[in-house]
Every structure is written in C-alpha cells, then in structure tokens.
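Q: What follows is a predicted protein model with its sequence.
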Amino acid sequence: MKILALSNLYPPDFVGGYELGCAHVVDALRDRGHDVRVLTAAPRLPVASPPHVLRRFKLTDEWNPNGMSKHPLGYRLDEAESRLVNAYNVHALTTVLDEFQPDAVYVCAVTGLGGFGLMACLQFLDIPWVWQLGDCVPRILCSTERRTFPMLAEEFTRRIRGTYIVVSERLRQETEECGLTLGDRVETIPYWITGPQEAERVDFYRGGHLRIMAAGQVAQFKGSDILIEAAARLRDAGHDDFSVHMYGNLYDHWLLELIRKRNLTDHVILKGVLPQKLLLETYKNYDLFAFPTLEREPFGLVPLEAVARGCVPIISRQCGIAEWLVHGLHCLKADRTPEAFARAFADVIEQRIDPEPIARRGAAAAWRDFHIDAIIPRIEQLLADAASREKGIAGSSHDAYRLARMAEQLTASLLQESIIA
C-alpha cells in the first residue's frame with residue numbers, strides 16, 4: 001500500500017509519546033514493504049530528515065508558552081489556526097495527495113495544524129483514513145481553552161467519519177463527553193514498546209535501599225507533587241533508606257521549593273532529561289516506577305517501558321494504561337493521593353509485596369502482547385480495510401483549498417467581531 005502519515009511533529013522533533021508512536025508505526029509499515037511518506041510541520045529547530053519525511057506544514061505551537069499571541073484577538077486567531085483551519089496547511093496536504101496518490105492516510109496528532117480543516121479536506125476529497133488517537137484530539141479541535149462548541153461537535157460527528165483507533169476506553173469516553181461521536185469504526189488498540197527483547201532481569205529488591213524513579217514532565221498534572229508528598233510521608237513513617245529520581249523537563253518550578261520545604265533534597269532528586277535510548281537503559285537501575293498521573297491520562301507509555309525491563313510500575317488506579325495492566329499481576333495500582341503511593345512504597349519496603357513475580361509477569365506480557373510487532377498487523381489491516389472501501393463522489397483539490405481559504409477568512413472575521421463587541 002501507499003500510505004501517507006500526518007503528524008504535527010515528527011522525531012527527532014517531538015513533545016512526547018504521540019509523535020514517537022507515529023514514527024514507530026511508520027518504520028514498522030516500511031519494514032513490512034509499504035510505501036510510506038510522512039507529512040509533518042517544519043521543525044522547531046533544525047533536524048535531519050530522510051526523503052520520506054516531508055516537513056511542509058506550518059505549526060502553531062500550542063505547547064510552547066511563547067508559541068501563541070498574548071493579545072486576546074491574536075490568541076484566538078492563533079487558536080483557530082491551530083485547531084480549526086489553516087488554509088496554507090490544506091494546500092500543503094492537497095499538493096502531497098496529488099503527488100503521492102496514497103491508498104490511505106494514517107492520521108496522528110493534528111492539533112497545531114488546523115486539524116479540523118485537514119480532516120474536512122480528507123472527507124471532501126474522499127480519501128480513506130485511519131486516525132490514531134493518543135489523546136482526545138477531536139474534542140480539542142471542537143473547542144477553545146474555555147469550552148467546547150456544540151455546533152462544531154455536531155458538525156464533526158456528522159462529517160468526520162472513518163476509522164478511529166483509541167488507546168483506551170477512557171480516551172474514547174472523554175473524547176465523546178463534549179457531544180461528538182466517533183464514527184464509523186472505532187477500534188481499541190494499546191500503545192506499544194519497540195526494539196529487541198532484552199535479557200530477563202535477575203536483580204530485584206530484597207531489602208535495603210529502595211530505588212524509585214519517575215519519567216515525563218516534572219509537573220503537577222503528571223502528579224509530581226503527589227510523588228514528592230508521598231516521599232515525605234514515607235520518610236515520616238520511619239523509612240529513610242529510599243530515593244526518588246525524577247527524569248524529565250521541569251515544567252512547574254515551584255516543585256523545587258516543595259522539595260526543599262519538605263526537607264527532601266537527599267531523597268527526591270531531579271535528574272533532568274535523558275535521550276530515549278538512555279532512558280530505556282535507566283529503568284533497569286530502579287525497583288519501582290511511580291506514575292501518579294491524572295486519571296484522564298489517555299494511556300501512559302512509560303510504565304509499559306519500565307515493566308518491560310523489570311521495573312515494577314505503581315500507577316494511578318484510573319488512568320488509561322490501568323485498563324490494560326492487572327493490579328498484582330503486571331503492576332501495582334494506587335489511588336492518586338500521597339498517602340496511597342506512600343503506602344505502596346512501604347508495602348514493598350516492609351516485604352508485604354514481593355516485586356519480583358510482578359516484574360517477571362509484567363515483562364513477559366509487555367514483550368508478548370504490547371510489542372509493535374504484535375500491534376502493527378492490526379493497524380495494517382485497518383489501513384487495508386479503509387483503502388478497500390467503496391469510494392464516493394470526491395471534490396477537487398482546488399475546491400478544497402478555496403473552501404479552506406473562505407473558512408479561514410470567515411473565522412478571522414467572526415473572531416475580530418466577537419473581540420471588538
């Protein structure tokens with residue numbers, strides 16, 4: 001098959017697991033003999049790009065604190081360009097579609113690109129697509145920071161119809177809570193790990209110093225404050241022989257003060273960002289992986305990476321990956337409170353819980369059921385099914401661009417009128 005992948009960012013330019021996942025699928029499909037091209041945004045910093053990666057989109061960088069205008073009107077215009085329609089990007093898409101003539105499109109994250117307009121363009125041109133949802137992107141495309149627009153959600157439900165992949169039922173539920181419905185086909189497929197299976201771990205916690213790690217943005221929404229408070233409670237309960245190492249960008253700088261305030265500078269250490277390859281090696285040096293993330297976490301790949309290497313994850317009880325891993329069998333689950341996480345740590349220290357059998361079972365399941373080699377045939381089949389469906393009446397690329405220009409100008413006019421009023 002000829003497959004075009006769409007993503008706002010593409011490694012080595014990426015924010016997190018969503019963009020990495022896109023690259024994993026592209027590489028796996030190419031390894032299986034498919035002709036795959038990637039259409040993504042111009043990188044935020046210069047990066048090397050192989051010939052199959054086309055960096056032609058313009059990105060409105062919602063994830064950069066300085067990426068959006070600070071003026072109310074400018075901010076709303078940027079937001080509309082990011083989520084609703086960017087005629088420049090519609091033109092870039094139609095140009096590549098005309099050049100490449102793909103059998104199907106594999107869609108990933110399109111926030112920052114005028115994602116609603118891109119999906120509407122695919123519908124208008126009757127291009128079959130499979131949309132990998134690693135976050136509630138359709139809901140984002142129908143909303144501003146403040147609220148969801150019911151009319152947009154209704155229009156999305158009516159017009160943006162194809163094949164969706166959701167990484168958890170929690171993600172599907174959150175996506176549809178705003179009043180839109182995903183149609184025509186929705187498949188639940190988990191995220192995955194990649195690479196060759198590593199040698200089975202042989203060293204496990206047997207008492208003494210407990211090594212705990214976390215990875216991801218060091219931020220309140222990821223539960224970093226909960227982990228710090230859990231460390232304080234663990235120490236106050238009389239357990240002093242432990243460490244918590246947190247890897248990732250420091251997003252909320254007040255967490256440094258919280259560490260000092262709780263007198264935890266010897267126990268909680270911020271280790272900064274590690275390249276992905278080094279991070280995968282680092283899991284082997286720890287006994288537990290703490291993941292006190294928000295319950296709305298769509299999936300959470302890092303606990304899966306950790307358990308694949310024998311580091312037992314302790315995860316929020318209701319987050320996305322909790323649907324896929326079983327408490328006491330592949331992981332430990334805890335309520336998203338400092339008390340619950342501290343209690344889980346203490347259970348290991350006091351040997352009420354033996355991490356070794358959990359680590360062994362979790363690693364076996366990760367490499368067997370959650371490796372890209374086990375997942376990619378399902379994604380490949382969905383793309384083939386989409387490509388083989390009966391085609392309808394398609395519009396032209398020229399008309400798609402003209403409509404995008406009209407929508408962009410109308411949106412700008414409406415926003416200016418609303419701000420002035």
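A: That came through, no problem.
Q: quick one, what contacts the residue sitting nearest the centre point of the chain?
A: Of all residues in the chain, the one closest to the mean position by Cα atoms, centre = their mean is residue 18, 3.6 Å from it. Counting by Cβ atoms under 8 Å, 6 or more residues apart in numbering, residue 18 touches 7, 108-109, 134-135. Just so you know, the C-beta spots here come from the backbone N, C-alpha and C atoms, and that holds for glycine as well.
Q: please redo it, this time with the cut-off set to 10 Å
A: Counting by Cβ atoms under 10 Å, 6 or more residues apart in numbering, residue 18 makes contact with 7-9, 108-109, 111, 132-135, 137, 167, 191, 298-299, 301.
Q: ok, of the residues you listed, which one's closest to residue 370?
A: Nearest to residue 370 among the contacts of residue 18 is residue 191, at 7.5 Å by Cβ to Cβ.
Q: Tell me how many other residues surround the closest one.
A: 25 (other Cβ atoms under 10 Å).
Q: Surely it touches residue 325?
A: No - the criterion here is Cβ atoms under 10 Å, and residue 191 misses it with residue 325 at 12.0 Å.
Q: joint contacts of the two?
A: In contact with both residue 191 and residue 325: 300, 304, 370, using Cβ under 10 Å, 6+ apart.
Q: Show the model's pLDDT score for the closest residue in space to residue 284 that isn't next to it in sequence.
A: Leaving aside its sequence neighbours, residue 284 sits nearest to residue 309 (Cβ to Cβ, 6 or more residues apart in numbering; 5.2 Å). The per-residue pLDDT reported for residue 309 equals 97.
Q: Cross-check the contact I'm expecting between residue 309 and residue 303.
A: No - look at residue 309 against residue 303 with Cβ under 10 Å: they stay out of range, at 11.2 Å.
Q: all strands of this protein, in order?
A: Secondary structure of the chain (DSSP state E): strands at 2-6, 35-41, 53-57, 104-107, 129-133, 161-166, 183-188, 210-215, 242-247, 268-272, 288-291, 312-316, 332-334.
Q: Could you point out which of these sits nearest residue 81?
A: strand 53-57 (11.6 Å).
Q: neighbouring contacts of that closest one?
A: 4-11, 13, 23, 26, 36-43, 47, 49, 86, 88-89, 91-93, 95-96, 99-100, 110, 112-114, 118.
Q: let's see it at 6 Å
A: For strand 53-57, the surrounding residues in contact (Cβ atoms under 6 Å, 6 or more residues apart in numbering) are 38-42, 49, 89, 92, 113.
Q: Show me which residues of stretch 278-286 are buried.
A: By 16 or more other Cβ atoms under 10 Å, the buried positions in stretch 278-286 come out as 279-280, 282-283, 286.
Q: Out of the residues you listed, the closest to residue 213 would be?
A: The shortest approach to residue 213 among the buried residues of stretch 278-286 belongs to residue 286, at 4.2 Å (Cβ to Cβ).
Q: Now tabulate the buried residues of stretch 278-286 in TSV and tack on pLDDT and distance to residue 231.
A: Output for the buried residues of stretch 278-286, formatted as TSV (pLDDT from 0 to 100; distance: Cβ to Cβ, whole Å):
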residue	pLDDT	distance to residue 231
279	95	21
280	94	24
282	97	19
283	97	19
286	98	14
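Q: Determine which two of these are furthest apart.
A: It's 280 and 286 that sit farthest apart of the buried residues of stretch 278-286, by Cβ to Cβ, at 12.3 Å.
Q: wouldn't residue 191 be in contact with residue 303 here?
A: No - here residue 191 does not reach residue 303: they are 10.5 Å apart, not a contact under Cβ atoms under 6 Å.
Q: where in the stretch 251-400 of the chain is pLDDT low?
A: Applying pLDDT under 70 to the stretch 251-400 of the chain flags no residue at all.
Q: quick one on the thing from earlier: min pLDDT across the contacts of strand 53-57, which one?
A: Among the contacts of strand 53-57, residue 49 has the weakest pLDDT, 92.
Q: tell me, how many neighbours does the nearest residue to residue 289 once chain neighbours are set aside end up with?
A: Once flanking residues are discounted, residue 289 sits nearest to residue 306: 3.7 Å by Cβ to Cβ, 6+ apart. By other Cβ under 10 Å, the residues close to residue 306 number 32.
Q: who touches stretch 177-184?
A: 138-139, 148, 150, 153, 156-157, 161, 164.
Q: and the residue nearest to residue 189 when sequence neighbours are not counted, what is it in contact with?
A: Ranked by Cβ to Cβ, 6+ apart and with sequence neighbours excluded, the top spatial neighbour of residue 189 is residue 165, at 5.2 Å. By Cβ under 6 Å, 6+ apart, the contact list for residue 165 reads 132, 187, 189.
Q: which residues of the stretch 101-250 of the chain score low on pLDDT?
A: Looking at the stretch 101-250 of the chain by pLDDT under 70, you get 146.
Q: that older thread, which among the contacts of strand 53-57 end up buried?
A: 38-41, 89, 92, 113.
Q: and the two most separated of those residues?
A: 38 and 89 (14.4 Å).
Q: Quote the end-to-end distance of stretch 284-296.
A: The first and final residues of stretch 284-296 sit 28 Å from each other (Cα to Cα, to the nearest Å).
Q: which residues are contacting that stretch?
A: 174, 205, 210-214, 221-223, 226-227, 300, 303, 306, 309, 311-316, 318-319, 336, 341.
Q: State the number of residues packed around the closest residue to residue 78 other than its chain neighbours.
A: Among residues not flanking residue 78 along the chain, residue 68 sits closest, at 4.6 Å (Cβ to Cβ, 6+ apart). The tally of other residues near residue 68 (other Cβ under 10 Å) stands at 20.
Q: Fine by me, we can end here.
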